[in-house]
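**Q** Here is a sequence with its predicted model. Questions after.
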Amino acid sequence: VDWKHVDASEMRNCMGRFLTGVAVLTTADGTELHGMTVNSLTSVSLDPPLLLVCLMEDARTTSVVTATRRFNLSILGSENEEVCRRFAERGADHYRDLEYERDPEGIPLLAGAVVQLRCVLEDTHTHGDHVILVAGVEYARLPVPDPKPLAFFCGRFYELQPRAEEAPELEPVPQIFPPTESVEWAWNAPALSW
Ligand SMILES: Cc1cc2nc3c(=O)[nH]c(=O)nc-3n(C[C@H](O)[C@H](O)[C@H](O)COP(=O)(O)O)c2cc1C
């Protein structure tokens, strides 16, 4: 098989073969709500808890986040495919008839997420047509004890199954959030209270 030159569409094809989860980044500009589907989400640091996400420089959501410095991430569950598609549609009214709640600062969090994170923007780096947002993770909530993620691969959505039920589980990864002040928020999910 020959090597191909990598342009924008080939870059998308190539990186599409890297299986990811999907999240919706939400933010608010006063009473106006914004958000977009992202799969460029990556953990950066455990202590302090930092993550990064890459956003198209010219997206509406990007300008709101860089101005307000606050956003939330709802990492989507297997039931959230429709939500994922609607937040990937440019210019659409993403929140119409959608089930969501707001954190104490009024920033949306989506129902059905396997994890919800409240983030504060620390730094931005513009490269090419995207901006890398580096953010501190302030609070986390894990609304479901047995998460079933939504997976994205080669432009299609998947539900994941463990390869073999009897396979031993891996050692748990170190807990990313110190079980201090975030604990109540992290485990108080059924009542959905702040
Ligand atoms: C699975 C999936 C993952 C995506 N990941 C990203 C991403 O990480 N960064 C990004 O800028 N756009 C990403 N997009 C495209 C945006 O979701 C889309 O362009 C968005 O609706 C633009 O938001 P706007 O309405 O604020 O302009 C992704 C789309 C899909 C379907």
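**A** Okay, I see it. Numbering: from 1, shown residues only.

**Q** For the rest of this, base every contact and every neighbour count on C-alpha atoms.
**A** Fine.

**Q** so the closest residue to S74 other than its chain neighbours, which of the three states?
**A** Once flanking residues are discounted, S74 sits nearest to Q116: 4.6 Å by Cα to Cα, 6 or more residues apart in numbering. Taken by DSSP: H, G, I helix; E, B strand; the rest coil, the conformation at Q116 corresponds to strand.

**Q** Ok, E81 next?
**A** Under three-state DSSP, E81 comes out as helix.

**Q** neighbours of it, just the number please.
**A** Each residue near E81 was counted by other Cα atoms under 10 Å, and the total is 16.

**Q** Surely it touches L150?
**A** Yes. The pair E81 / L150 is scored as a contact, 7.1 Å apart, by Cα atoms under 8 Å.

**Q** So for the two, which residues contact both of them?
**A** Shared contacts of E81 and L150, defined by Cα atoms under 8 Å, 6 or more residues apart in numbering, comprise F157.

**Q** Can you list the buried residues in stretch 89-102?
**A** By neighbour count with 16 or more other Cα atoms under 10 Å, stretch 89-102 contains the buried residues H94, Y95.

**Q** And stretch 145-165, by the same measure?
**A** Buried residues in stretch 145-165 (16+ other Cα under 10 Å): K148, P149, L150, A151, F152, F157.

**Q** For the last one, report the pLDDT, please.
**A** Same thing as F157. pLDDT, F157: 98.

**Q** now do the first one
**A** What the model reports as pLDDT for K148 is 95.

**Q** Please name the residues that touch it.
**A** G77, S78, V114, E159, L160.

**Q** In strands, which of those fall?
**A** E159 (DSSP state E).

**Q** Let's have the contacts of K148 in a markdown table, adding distance to T68.
**A** Shown next, in a markdown table, are the contacts of K148 (distance: Cα to Cα, whole Å):
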| residue | distance to T68 |
| --- | --- |
| G77 | 27 |
| S78 | 30 |
| V114 | 25 |
| E159 | 34 |
| L160 | 35 |
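
**Q** Save the contacts of K148 as TSV, and put in distance to the ligand too.
**A** Listed next are the contacts of K148 as TSV, based on distance: Cα to the nearest ligand atom, whole Å:
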residue	distance to the ligand
G77	13
S78	13
V114	16
E159	14
L160	15
